[in-house]
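Q: kindly return the folded structure for what I paste below:
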Amino acid sequence: MTLSQRFRPIRVRLLILLAVVGPGIITANVDNDAGGITTYSVAGAHYGYGLLWMMPLVALALIIVQEMSARLGVVTGKGLADLIRERMGVRLTAVIIAILVFANLANTVSEFAGVAASMEIFGISKYLSVPVAAVIVWLLMVKGNYKTVERIFLVASAIYLAYVISGILARPPWEEVSRALVRPSFQFDAGYVTIFVTIIGTTIAPSMSLS
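A: Just a heads-up that it's a prediction; the model follows:
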């Protein structure tokens, strides 16, 4: 048996695993949007490591919310909006969907604002970058097939590894980071409370349960 034949079952299993977790990786990275990046950047710029203790708790809450949403879909075969309509009626569902539409519109605006801001760093005008990005997104959604879109999104998701690499290359004081990660601290000024709530909101978005 050759070496390639010996490792073929492992390669097949790995490909199957990637095929299964691929959509999950994409979904998990969807929340790394312009609004979320801005929120965490502002939090770090203003309060340093003081809010790190929130991260394990927020991550746990995020896991629970997404796991519950997935279970609802698997068990009932319906989305959260359908279940709300069945339990609470059409009127309340319409209100919730209207709020969701408004939130998604605001989120879309923030995404294109992020495109404009990031491209202006390279000297590209927002009047050029935003229409081009809008056309690309439209072509992907309307003309692209599932496999093509999935591959593009997986490549885009891999870009987020740059955060981990840049964090290591920045050489932060790891002892201070470790202390801030396990030592809760809280301030009762308006700015701290605002960014505290904003971090929770941008991480655990209501739309992820309804989508």
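Q: next one: stretch 141-153 to chain centre, how far?
A: With CA atoms, centre = their mean, to the nearest Å as the basis, stretch 141-153 stands 18 Å off its chain's centre.
Q: what of stretch 81-101?
A: Distance of stretch 81-101 from its chain centroid, counting by CA atoms, centre = their mean, is 24 Å.
Q: residues near Y160, how many?
A: Neighbourhood size, Y160 [other CB atoms under 10 Å]: 13. (Each C-beta comes from the backbone N, C-alpha and C, glycine too.)
Q: do I have it right that it meets I26?
A: No. In this structure, Y160 is not within contact of I26 by CB atoms under 8 Å, at 11.1 Å.
Q: so where's the protein uncertain?
A: Residue ranges of the chain with pLDDT under 70: 1-8, 18, 31, 205-211.
Q: now the helices for the chain?
A: For the chain, the helices defined by DSSP state H cover 3-30, 34-47, 54-76, 80-88, 90-121, 126-142, 146-159, 161-169, 174-182, 190-203, 207-210.
Q: okay, those in CSV with mean neighbour count next?
A: Compiled in CSV, these are given as follows (neighbours: other CB atoms under 10 Å):
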stretch, mean neighbour count
helix 3-30, 11
helix 34-47, 16
helix 54-76, 13
helix 80-88, 15
helix 90-121, 14
helix 126-142, 12
helix 146-159, 12
helix 161-169, 10
helix 174-182, 12
helix 190-203, 15
helix 207-210, 16
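Q: how far away is L169 from G36?
A: 22 Å (CB to CB, to the nearest Å).
Q: actually, P173.
A: For P173, the distance to G36 equals 25 Å [CB to CB].
Q: surely V130 touches E111?
A: No. Assessed by CB under 8 Å, V130 is found out of contact with E111, at 10.0 Å.
Q: can you list residues touching both of the two?
A: Common contacts of V130 and E111 (CB atoms under 8 Å, 6 or more residues apart in numbering): none found.
Q: now M119: closest residue in space, sequence neighbours ignored.
A: In space, and not counting its chain neighbours, M119 is closest to S129: 3.7 Å by CB to CB, 6 or more residues apart in numbering.
Q: that neighbour against G114, yeah?
A: No. Assessed by CB under 8 Å, S129 is found out of contact with G114, at 10.4 Å.
Q: what's G50 in contact with, if anything?
A: Going by CB under 8 Å, 6+ apart, G50 touches A180, S185, Q187.
Q: looking at these, which one is closest to L92?
A: Of all those, Q187 has the smallest distance to L92: 36.6 Å, by CB to CB.
Q: got a list of what the closest one touches?
A: Taking CB under 8 Å, 6+ apart, we find Q187 in contact with G50, V193.
Q: next, it: phi, psi?
A: phi -120, psi 140 (degrees, to the nearest 10).
Q: what do you get for S185?
A: phi -140, psi 150.
Q: nearest spatial neighbour of it, skipping sequence neighbours?
A: Excluding its sequence neighbours, the residue lying closest to S185 (CB to CB, 6+ apart) is G50, at 5.5 Å.
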